[in-house]
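>>> Attaching a predicted model along with its sequence, questions to come.
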Amino acid sequence: MRLINRRPGPPAVAALAALPFVAVALIYASASAARRAENPQDRLLPAPAQILDTAGRLLFEPDRRTGDILFWIDTAVSLQRLGLGVGIAALTGLVIGLAIGLLPLARAGLASFVEVLSLIPPLAVLPILFLLLGLGETAKVALIAIGITPFLIRDMAGRTAEIPPEQIVKAQTLGASSLAIALRVALPQVMPRLIQSVRLALGPAWLFLIAAEAIASEAGLGYRIFLVRRFLAMDVILVYVAWITLLAFLIDRLLRYASRRFFPWAETA
């Protein structure tokens, strides 16, 4: 049997999925042990046991000064910023994308403009946002929204344009207005694509969030990582990085579940 036709069973799938994680863990443990053998005070690659101890301290021990568990405060603050930014971007991308995909006037007036906006590096406008909006929450949320909105608009517009013209013509024949066509014909078909697009945009959204928090913030996951880096606290940094990765994975799984739950006919991944 050709290799391209061989499909693993469930046990093999689980083993193959776990293999890269086990390999990375073994490589890290070996590198950490080698560095600590040369220098017991090495802080660049802390031992796995030290990382676990740090994780327990961060998750459960309150701060001596404030009495709060800073880990969970950072998580809540970052998730709030991320949720607002992605939510605003998704709504904007959906509305403008539908307009560009359905209305020739909107396509003529906005398509080129959105294309140019998508070429601007979002991090390059971060100083401008801080100058215009201050160092508060608005600038951080705006960076996330600005960073991913052009991509969502273009993806929504492209998916809307793929709707068979026959459906638009039939809806008009039955007396549907432009708004009714957008809500009753186009919207149900682009919503699954919107969820998939948001899943793809989560990576850049996290990047913009951490960058904004690192530059100007008093709480947040990115803020904490860049705060402790000056002390070479790699055990804390690795815990936060692992937690961000886990959060991103869980949010992605949640969106995938929502797509399968509400749009099973469109879910292929």
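Cool, the structure landed. Numbers count the residues shown, from 1 in each chain.
>>> quick one: average confidence on stretch 38-54?
Regarding stretch 38-54, the rounded mean pLDDT is 90.
>>> Can you pull out the residues in contact with that stretch?
25, 28-29, 31-33, 35-36, 232-236, 238-239 (C-beta atoms under 8 Å, 6 or more residues apart in numbering). For the C-beta atoms, the positions are set from N, CA and C on the backbone; glycine is no exception.
>>> go on, stretch 17-27?
Against stretch 17-27 from outside (C-beta under 8 Å, 6+ apart): P48.
>>> Mind telling me the two of the contacts of stretch 38-54 farthest from one another?
A25 and L232 (22.0 Å; C-beta to C-beta).
>>> can you map out the strands along this structure?
Assigned by DSSP state E, the strands in the chain number zero.
>>> Can you pull out the low-pLDDT segments for it?
Judged by pLDDT under 70, the chain has its weakly predicted residues at 1, 267-269.
>>> So which residue is smack in the middle of it?
L202 (1.6 Å; C-alpha atoms, centre = their mean).
>>> give the contact list for that one.
Per C-beta under 8 Å, 6+ apart, neighbours of L202: 86, 248, 251-252.
>>> Now, of those residues, which are buried?
86, 251 (16 or more other C-beta atoms under 10 Å).
>>> Let's see which of the contacts of L202 end up in helices.
Using DSSP state H, 86, 248, 251-252 are the members of these that sit in helices.
>>> Please tabulate these in CSV, including the columns distance to L45.
Below are the ones in helices among the contacts of L202 laid out as CSV (distance: C-beta to C-beta, whole Å):
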residue, distance to L45
V86, 34
A248, 23
I251, 29
D252, 28
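>>> quick check, nearest of the residues you listed to P10?
Distances from P10 to those, taken by C-beta to C-beta, are shortest for D252, at 21.7 Å.
>>> So the closest one is in contact with R199, correct?
Yes. Contact criterion C-beta atoms under 8 Å: D252 and R199 qualify, at 5.5 Å.
>>> Now do the helices for the stretch 101-250 of the chain: every range, in order, please.
According to DSSP state H, counting those that start in this stretch, the stretch 101-250 of the chain carries its helices in the segments 104-117, 126-133, 137-161, 165-173, 178-180, 187-215, 221-228, 234-262.
>>> got JSON lines for the ones you listed, with distance to P20 too?
Formatted as JSON lines, those follow (distance: least, C-beta to C-beta, whole Å):
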{"stretch": "helix 104-117", "distance to P20": "37"}
{"stretch": "helix 126-133", "distance to P20": "34"}
{"stretch": "helix 137-161", "distance to P20": "28"}
{"stretch": "helix 165-173", "distance to P20": "44"}
{"stretch": "helix 178-180", "distance to P20": "49"}
{"stretch": "helix 187-215", "distance to P20": "18"}
{"stretch": "helix 221-228", "distance to P20": "24"}
{"stretch": "helix 234-262", "distance to P20": "14"}
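>>> Select, out of the ones you listed, the one closest to E61.
Of all those, helix 234-262 comes closest under C-beta to C-beta, at 12.5 Å.
>>> Report the buried residues of that closest one.
Buried residues in helix 234-262 (16+ other C-beta under 10 Å): 234-240, 243-244, 247, 251, 255, 259.
>>> Please give the number of neighbouring residues around V185.
19 (other C-beta atoms under 10 Å).
>>> Quick check: it touching Q167?
Yes. V185 is within contact range of Q167, at 5.6 Å (criterion: C-beta under 8 Å).
>>> And for this structure, the residue most distant from the center?
T173 (41.3 Å).
>>> In contact with it: list those residues for me.
Contacts of T173 (C-beta under 8 Å, 6+ apart): none.
>>> Done for today, thanks.
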